[in-house]
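Trainee: sequence unavailable; structure follows:
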């Protein structure tokens, strides 16, 4: 590990930040939550004017996850509900300028918090399924992050991080629909969730709804979210 | 990605290299294959004299996986049968000297090839379950790589990479036993493999064995090994 040629390769940390936002592209009555992510417009070359993942050089006294968390805060004013290292991208030709290796994290922020996100200068939220051509290899990176999110969703309680503390079964189903990109049968979904023993009935019901308000659930706190790096829990 | 403070953080690539080697620690008749990995003795500070994962600084014009492959070749004279990025380790205190972020790969080499591995100066193979205190955070890294290997073994054909082109069911079971660290029931294992439709009966039998020689199998080539990075196959 010594004798590193410190002049040779730059090191950056970038973050793919996912949140559910209600989507009015299809008109108000078709508004369903879909996956969105904030991007930053580049104000210099290379790729000046293009949109890119938020990120930047790793500080000399900054941990990798701390850099990702800082980036998220700078871009949205938010803290991550879930944060995980995605991959280190280091292809030789990923930047037309100098060589940079980017260690990329992906994060989930709650939809209630995302609605309050600050939008800094040169920041804009985009629907994950409708991105423009991004700077560098960032389209590839987002695609990989989406794949990881979908995989995780199937075998862990990651949906938690996109919801508030309590939620209805319909809200939980909307998260799964947004991530998987397809509609799910409400009755089948209800059966699958009720048999998974990961949900706790809070005894409360959603307020502000006409007659028969739906039950509110929360996740069982005694079970952690998915592993997010070394070392895994035994 | 620009304006990186290139003087601040070093970037290294290290590789955890697994192979099956027959283990004579328990006497010749108890010799079963177990997981081994080659380590390199450090010849300078920090951690002079301690064993460490093979690796070194990333070359300015070298891809990440290429650096891992080169490291593997330098250490063992071998090429990887399987190679995958494990994780980027960047804790502030992982080296008492200057700050270095290590992007770590893990690799599998075939047991037949491993038996022919060259052993360079200051290189020694260690049983994965009996490592000394290594330099830096390398014990943690090996533990994480073992966890990843065990996970992958359960849902993919990764065992392939630790075997020759053809193998008996007993040899395949020994790979699973070595990785999972426990004995498996031969009859149950046979049933599970025969129902998995991933094995192809070559029509040949192991030579050099007394009467009833066991069948030789190979993996179905039409199915790829597990995903090893972006982008996943659809």
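Mentor: Here it is on my side, so go on. Here the structure is a predicted model, which means the values were calculated and not measured.

Trainee: so where does residue A:143 fall, helix or strand?
Mentor: Per DSSP states H and E: residue A:143 is located in helix A:138-155.

Trainee: same deal with residue A:14?
Mentor: Taking DSSP H and E as the criterion, residue A:14 maps to strand A:10-23.

Trainee: now the helix holding residue A:143 against strand A:10-23, angle please.
Mentor: 60 degrees (axes from the mean of the first three to the mean of the last three Cα atoms, to 10 degrees).

Trainee: pull out the buried residues from the strand holding residue A:14.
Mentor: Buried residues in strand A:10-23, counted by 16 or more other Cβ atoms under 10 Å in any protein chain shown: A:10-21, A:23. The C-beta positions use only the backbone N, C-alpha and C, and glycine is treated the same way.

Trainee: and what of stretch A:57-66?
Mentor: For stretch A:57-66, a neighbour-count test (16+ other Cβ under 10 Å) marks A:57-58, A:62-65 as buried.

Trainee: what kind of secondary structure is residue A:75 in?
Mentor: helix (DSSP: H, G, I helix; E, B strand; the rest coil).

Trainee: contacts only, for the residue lying closest to it once chain neighbours are set aside.
Mentor: Once flanking residues are discounted, residue A:75 sits nearest to residue A:54: 4.1 Å by Cβ to Cβ, 6 or more residues apart in numbering or on different chains. Residues in contact with residue A:54, defined by Cβ atoms under 8 Å, 6 or more residues apart in numbering or on different chains, are A:14-15, A:17, A:38-40, A:71-72, A:74-75, A:123.

Trainee: ok, of those residues, which one's closest to chain B?
Mentor: For the contacts of residue A:54, the minimum distance to chain B (Cβ to the nearest Cβ) is 7.7 Å, reached by residue A:14.

Trainee: which other helices and strands contact the helix-or-strand element of chain A with minimal mean pLDDT?
Mentor: Lowest mean confidence among the helices and strands of chain A (mean pLDDT, DSSP states H and E): helix A:111-114, at a mean of 80. Where contact means 3 or more Cβ pairs under 8 Å, 6 or more residues apart in numbering or on different chains; DSSP states H and E, helix A:111-114 is packed against strand A:10-23.

Trainee: show me where chain A has its strands.
Mentor: Applying DSSP state E to chain A gives strands spanning A:10-23, A:32-41, A:51-52, A:55-57, A:82-89, A:100-108, A:123-127, A:199-205, A:215-219.

Trainee: right, and residue A:193 touches residue A:172 too?
Mentor: Yes. The pair residue A:193 / residue A:172 is scored as a contact, 6.7 Å apart, by Cβ atoms under 8 Å.

Trainee: the two: which is more packed in?
Mentor: residue A:172 (20 against 17; other Cβ atoms under 10 Å in any protein chain shown).

Trainee: gap between the more buried one and chain B?
Mentor: Taking Cβ to the nearest Cβ, to the nearest Å as the measure, residue A:172 falls 26 Å from chain B.

Trainee: now residue A:12
Mentor: 5 Å.

Trainee: tell me the pLDDT at that residue?
Mentor: Residue A:12 carries a pLDDT score of 96 in this model.
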